[in-house]
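Colleague: pasting the sequence and the predicted coordinates here, then a few questions.
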Amino acid sequence: MNLDRLRIEMTGTYLVTTQTAAYLIENPGNQAAAITRYPITDGSAPADLEVADLRRDAEPMTLLAIHSCTIGEPALLIIHLGGEHSDVPETVRFTTTVASIEKLADDTGPTDGVGPTEKRGPAVGGRDPQDGPP
């Protein structure tokens, strides 16, 4: 199901695609939401935009808030990096323009046979992120 806007209170699993990255957002509703960023690496990003490498790319982080996430506009996300950056209380991330928001799964269970303990990120740039760096 495609959406125009995403809010933090919306439960389920979503794929938010921007001009330079895909964001997998998992919000079970009964615990903290998670976000994982997968930069586009196949050259399909607009030539005038640089695809940045950010801390914790392809690693889940805690999504604290979605200030805005609407198709046709940059998203503004508040995240907690965790891991070696756990001393940083929160980080603000602006994205490039949001191209699509797709609901992948809801609270009723996983889609495509991937169980909750076997989650994987979206194929971005022609590769599965679980395969490691390009």
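Modeller: Great, that's in hand.
Colleague: which secondary structure state does the residue lying closest to Thr11 once chain neighbours are set aside sit in?
Modeller: The shortest distance from Thr11 to any non-neighbouring residue, by C-beta to C-beta, 6 or more residues apart in numbering, is to Gly29 (3.7 Å). C-beta: built from backbone N, CA, C; applies to glycine. Under DSSP: H, G, I helix; E, B strand; the rest coil, the three-state class of Gly29 is coil.
Colleague: what about the protein, any weak spots by pLDDT?
Modeller: For the chain, the stretches flagged by pLDDT under 70 are 105-134.
Colleague: excluding sequence neighbours, find me the nearest residue to Ala99.
Modeller: Spatial nearest neighbour of Ala99, excluding adjacent residues (C-beta to C-beta, 6+ apart): Thr17 at 4.9 Å.
Colleague: Leu24 contacts Thr13, doesn't it?
Modeller: Yes - using C-beta atoms under 8 Å, Leu24 is in contact with Thr13, at 7.2 Å.
Colleague: who touches the residue nearest the centre of the chain in this structure?
Modeller: By C-alpha atoms, centre = their mean, the mean C-alpha position of the chain lies nearest to Tyr23, the distance being 1.8 Å. Taking C-beta atoms under 8 Å, 6 or more residues apart in numbering, we find Tyr23 in contact with Leu15, Val16, Thr17, Ile35, Thr36, Arg37, Tyr38, Ala75, Leu77, Thr95.
Colleague: of the residues you listed, grab the buried ones for ChimeraX.
Modeller: In ChimeraX syntax, the buried subset of the contacts of Tyr23 is picked out as below (16 or more other C-beta atoms under 10 Å):
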select :15,16,17,35,36,37,38,75,77,95
